[in-house]
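1. Output the structure for:
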Amino acid sequence: MANLKRKFTLLEAVIAIAILGMSLAVLFQLLASARKRISQTVDDWNNTHRIMEAAEYVLLHNDQVEQVPEIFFPYDDCRIYIEWEDINDIHEEYDGSLDGQPELKTCRISLVRVSDGETLETLNIDRIMFDEGLTEDGN
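-> Alright, predicted model coming up:
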């Protein structure tokens, strides 16, 4: 029988190692990219969760809340800023001219990182402001 041993040339070995090296480089690049996307997704989820906590607090109070107490927002790395504004572009049917009609305001909630002052997330909520003595059904 003929000798079936195959000997590889130096060129074949170099090409095989180069292909293997490029494959590993692509794999590591994909892993790094996935890790970066996962980290960004976690940050986005945390920011959204924090601003929703503040929004829940604001919506549960009838007055114009200026600040969320630390017991409800116990994060040291960011702060919540709340601004109330009158709505300028109100639909013509809701112009506030009816007696007893509750006021409509916009609440702008901003999540700001303490270290650099960057605004991470902003949420606008249009809210009907009921008088203290009235309930939602007008009684």
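2. Does Gln67 touch Ile82 like I think?
-> Yes. The pair Gln67 / Ile82 is scored as a contact, 6.6 Å apart, by Cβ atoms under 8 Å. (C-beta placed from N, C-alpha, C; glycine too.)
3. Let me see the ranges of the strands in this protein.
-> Counting by DSSP state E, the segments of the chain that form strands are 78-86, 103-113, 119-129.
4. Out of those, which gets nearest to Asn47?
-> strand 119-129 (4.6 Å; Cβ to Cβ).
5. Averaged pLDDT, that closest one. What do you get?
-> The pLDDT scores in strand 119-129 average 88.
6. just use 8 as the starting number from now, easier for me
-> Will do, 8 is the new start, and the previous item becomes strand 126-136.
7. Tell me the strands beside it, with direction?
-> strand 110-120 (antiparallel) (DSSP bridges).
8. out of Gln74 and Ile89, which sits in the more crowded spot?
-> Ile89 (18 against 12; other Cβ atoms under 10 Å).
9. Nearest residue to the residue positioned nearest the centre of the chain in space, please, no chain neighbours.
-> Centroid-nearest residue in the chain: Thr55, 3.6 Å away (criterion: Cα atoms, centre = their mean). Distances taken as Cβ to Cβ, 6 or more residues apart in numbering place Glu128 nearest to Thr55, at 6.6 Å, with adjacent residues excluded.
10. ok, the one you found touching Ile58?
-> Yes. Glu128 is in contact with Ile58 according to Cβ under 8 Å; the separation is 4.7 Å.
11. Nothing else from me, thank you.
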